[in-house]
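1. Got a predicted model here, sequence first, then my questions.
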Amino acid sequence: MATQSRVAEKAAGNIANLTTPDYQAQRGQVVSTSPAGAAYVPLPPEGGVDLAREVIDLGQAKQAYILAARTFSRIARTEKEALDVLA
């Protein structure tokens, strides 16, 4: 979830600077980490802001964040149910 927050922050920052003269769009990449995690790795700036790319990044980050939140919620419910069965 923290990784997707970083992606969203990057995209929002780039969009906010869309009209800033000589602004170089910030870039990053989500990479897998062990075990079953992800990290956001900043990359060197590469030219101006591509609004379509930033909007897509925001949408993908939002969906990934929602899915992760649902997964954690389901894990918590399952653990609670297991503890209730043991009680």
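-> Cool, the structure landed.
2. Could I get the full set of strands for this structure?
-> 27-33, 37-43 (DSSP state E).
3. Mean neighbour count, mean pLDDT and distance to A61 added to the ones you listed, as CSV?
-> From N, CA and C alone the C-beta is placed, and that goes for glycine too. Listed next are those as CSV, based on neighbours: other Cβ atoms under 10 Å; pLDDT from 0 to 100; distance: least, Cβ to Cβ, whole Å:
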stretch, mean neighbour count, mean pLDDT, distance to A61
strand 27-33, 13, 90, 9
strand 37-43, 13, 89, 10
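4. Those: which one's closest to T71?
-> Minimum separation from T71 across the strands of the chain (Cβ to Cβ) falls at strand 37-43, 12.7 Å.
5. returning to what we had before: reformat the strands of the chain as TSV; add distance to A11.
-> Conversion of those to TSV gives the following (distance: least, Cβ to Cβ, whole Å):
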stretch	distance to A11
strand 27-33	10
strand 37-43	12
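6. Looking at those, spot the one closest to L67.
-> strand 37-43 (12.2 Å).
7. what residues does that closest one touch?
-> Under the contact criterion Cβ atoms under 8 Å, 6 or more residues apart in numbering, strand 37-43 has outside partners 3, 6-7, 10, 26-33.
8. I would like the residues contacting stretch 16-36, please.
-> Stretch 16-36 is touched from outside by 3, 6-7, 10, 13-14, 38-51, 54, with contacts defined as Cβ under 8 Å, 6+ apart.
9. Buried only: go through those for me.
-> Buried members of the contacts of stretch 16-36, scored by 16 or more other Cβ atoms under 10 Å, are 3, 6-7, 10, 14, 38, 40, 49, 54.
10. P21 versus L43, what's the distance?
-> Distance from L43 to P21, counting by Cβ to Cβ, to the nearest Å: 22 Å.
11. Ignore what I typed, I meant P42.
-> Distance of P42 to P21, computed by Cβ to Cβ: 22 Å.
12. Report the mean confidence score over stretch 11-23.
-> If you average the pLDDT over stretch 11-23, you get 95.
13. Which of the strands of the chain sits closest to A76?
-> Closest among those, using Cβ to Cβ: strand 37-43, at 18.2 Å.
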